[in-house]
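Engineer: Test case, fold it:
(chains A, B, C and D)
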Protein chains: 2
Amino acid sequence: MDRLLINIKISVNEKIYIKDPESSDLGKRILKHSIELIHSIGFESFNFKKLGKEIGSNESSLYRYFENKHKLLLYLTSWYWGWLEYKLVFSTNGISNPKDKLIKAVEIICDVIREDSRFSHINEVKLSKILIAEYSKSYLTKEVDTENKEGYFSIYKRLIIRIKEMIEQVNPEYQYSVSLASSVVEGTLHQHFLREHFPSITDCSDTKTTTSFYSDLILKTIQI
Amino acid sequence: MDRLLINIKISVNEKIYIKDPESSDLGKRILKHSIELIHSIGFESFNFKKLGKEIGSNESSLYRYFENKHKLLLYLTSWYWGWLEYKLVFSTNGISNPKDKLIKAVEIICDVIREDSRFSHINEVKLSKILIAEYSKSYLTKEVDTENKEGYFSIYKRLIIRIKEMIEQVNPEYQYSVSLASSVVEGTLHQHFLREHFPSITDCSDTKTTTSFYSDLILKTIQI
DNA sequence: ACAAATATAATAGTATTACTATTACAATAA
DNA sequence: TTATTGTAATAGTAATACTATTATATTTGT
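Structural biologist: Numbering: from 1, shown residues only, chains lettered A, B, ... in the order given. As a prediction, this is how the structure comes out:
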């Protein structure tokens, strides 16, 4: 897989950025260091001034790439879902048995993220932690409907539709396939958060994984 | 129920406020109007200046009740979970059959909220919409661990533990009772949000309710 | 009743944040 | 070599979140 996909680029909706951050050195450094900085201080405290200082560049230069910090978060989260979608498609592509395929998909979505060496300027482990801590903030805004129309969440929705289709392949009679898919994707981030901050209200741990919780839940719910 | 509980007061952790908003007229107006205002303009745009204007009081007076707008959100959300907990306990108290009890609990959690006339200064319908749109923001912060230690989220966690216990009453063998409980409480808010903004990734609607999705999911998952 | 103590609220600020207008410099192309 | 474009720095502004100080009620004790 590594050699074949050496030049893949996760494509993000062009309206999210002003200048493509993948097109220049500064752009890539914006991605790399924004992940580091949001991961370490959180999205609220994060701003372009601090990021500029971190990169060794000026605040205003960053505004040439992203209109504001919210758009930058949208970029990072879109990239993440695009990357997960790639992993999902490639990992499940060869599996013909629908149930095995679904189980593999749940693994991709629910497992703790490991580093992917193909994207040197993106730290997927830290990015996944940003998703756990900040993803909701990207859509819990008053602008969500207009931004949705602009297609800012299309990769996320497409990923969920893919899982929904896998559920239907296993049981076409099940009435709530897309709600089940969306609740697994959202719920996984939530369970990972609980594990870290509210352990009393989750069973998920090193021994009882989020993956096993959701595999069990899905298979029983769609009745196999 | 109405007559018996005419004087109940939902109690919120005292550390959340500086002065108890239930103790004065201004305090109650802060609660009433903050619900109106956050509901209409969203938590990001909401601030104490605008709220003061709405109430006909000064910005700085509001700081006598709440340290900042985040604490006010914590108050409102705690109140909401406390109120739901009351409804849950009272509605399920007389039910002896564990399965029926659990089904009733899921109804309380998942159904669309209606007005409760016992609390005149709180609009529960608008408050529930604030929970859907803003609840995550109350714990997705860098301060979550210290605030958790202060007990700011204890009502929320207690509610989830109650549901967990009901699940255990039905099936003591099930391995993920508290994760199931927490994912239903969180997932309900999420499905309500999707219904409003991303209808393509939820099945929930007027005919297929969130309640029926989760009742079905829970009962199948814990195998009855 | 009346002063002292306390509660409540208003005025007028400050520090920080998010963002922008303008200018300067560098790289490339005609 | 001189336009053209890309890139970055300076120096701002407007709005936000919050605070210090002062003023005005209200309550309490004698």
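
Engineer: and chain A, which of its residues are near DNA strand C?
Structural biologist: Listed as neighbours of DNA strand C in chain A under the rule Cβ under 7 Å from any atom of the strand: A:44, A:45, A:47, A:48, A:49, A:59, A:60, A:63, A:67, A:68, A:69, A:70. For the C-beta atoms, the positions are set from N, CA and C on the backbone; glycine is no exception.

Engineer: Surely the second one and residue B:142 touch.
Structural biologist: So that's residue A:45. Yes - at 6.9 Å, residue A:45 counts as touching residue B:142 under the criterion of Cβ atoms under 8 Å.

Engineer: Now restrict the residues of chain A next to DNA strand C to buried residues only.
Structural biologist: Buried by 16 or more other Cβ atoms under 10 Å in any protein chain shown: A:44, A:48, A:69, A:70, out of the residues of chain A next to DNA strand C.

Engineer: Which members of those occur in helices, if any?
Structural biologist: Per DSSP state H, helices hold the following members of those: A:48, A:69, A:70.

Engineer: of all these, which comes closest to chain B?
Structural biologist: For these, the residue nearest chain B by Cβ to the nearest Cβ is residue A:70; the value is 9.7 Å.

Engineer: looking at it, the closest one is touching residue A:139, isn't it?
Structural biologist: No - Residue A:70 is beyond contact range of residue A:139, at 10.7 Å (criterion: Cβ under 8 Å).

Engineer: Restricting to C-alpha, output the lowest-mean-pLDDT helix or strand in chain A in PDB.
Structural biologist: Least confident helix or strand of chain A, by mean pLDDT, DSSP states H and E, is helix A:59-62 with a mean of 86. The C-alpha trace of helix A:59-62 is given here as PDB (Å, rounded to 0.1, in the frame of the first residue of the first chain):
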ATOM      1  CA  GLU A  59       0.300  36.700  12.200                       C
ATOM      2  CA  SER A  60      -1.000  38.500   9.200                       C
ATOM      3  CA  SER A  61       0.800  36.100   6.800                       C
ATOM      4  CA  LEU A  62      -1.400  33.400   8.100                       C
END
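
Engineer: So which residues of chain A form helices?
Structural biologist: Here chain A has its helices, by DSSP H, at A:25-41, A:48-55, A:59-62, A:69-92, A:98-110, A:124-139, A:144-149, A:154-170, A:177-197, A:210-221.

Engineer: before we move on, back to that, any chance you could list what contacts the least confident helix or strand of chain A?
Structural biologist: For helix A:59-62, contacts defined as Cβ atoms under 8 Å, 6 or more residues apart in numbering or on different chains pick out A:26, A:30, A:48, A:49, A:51, A:52, A:55.

Engineer: Likewise for stretch A:177-185?
Structural biologist: With Cβ under 8 Å, 6+ apart as the criterion, stretch A:177-185 contacts A:106, A:109-110, A:156, A:159-161, A:163-164, A:167-168, A:174, A:214, A:217-218, A:221-222, B:183, B:187, B:190-191, B:194, B:198, B:200-204, B:213, B:217.

Engineer: Kindly format the C-alpha coordinates of that stretch as PDB.
Structural biologist: In PDB, the C-alpha atoms belonging to stretch A:177-185 read as follows (Å, rounded to 0.1, in the frame of the first residue of the first chain):
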ATOM      1  CA  SER A 177     -28.900   2.500   9.400                       C
ATOM      2  CA  VAL A 178     -27.800   6.100   9.000                       C
ATOM      3  CA  SER A 179     -28.500   7.100  12.500                       C
ATOM      4  CA  LEU A 180     -26.600   4.100  13.700                       C
ATOM      5  CA  ALA A 181     -23.700   5.100  11.500                       C
ATOM      6  CA  SER A 182     -23.700   8.700  12.600                       C
ATOM      7  CA  SER A 183     -24.000   7.800  16.300                       C
ATOM      8  CA  VAL A 184     -21.000   5.500  16.000                       C
ATOM      9  CA  VAL A 185     -18.800   8.100  14.400                       C
END
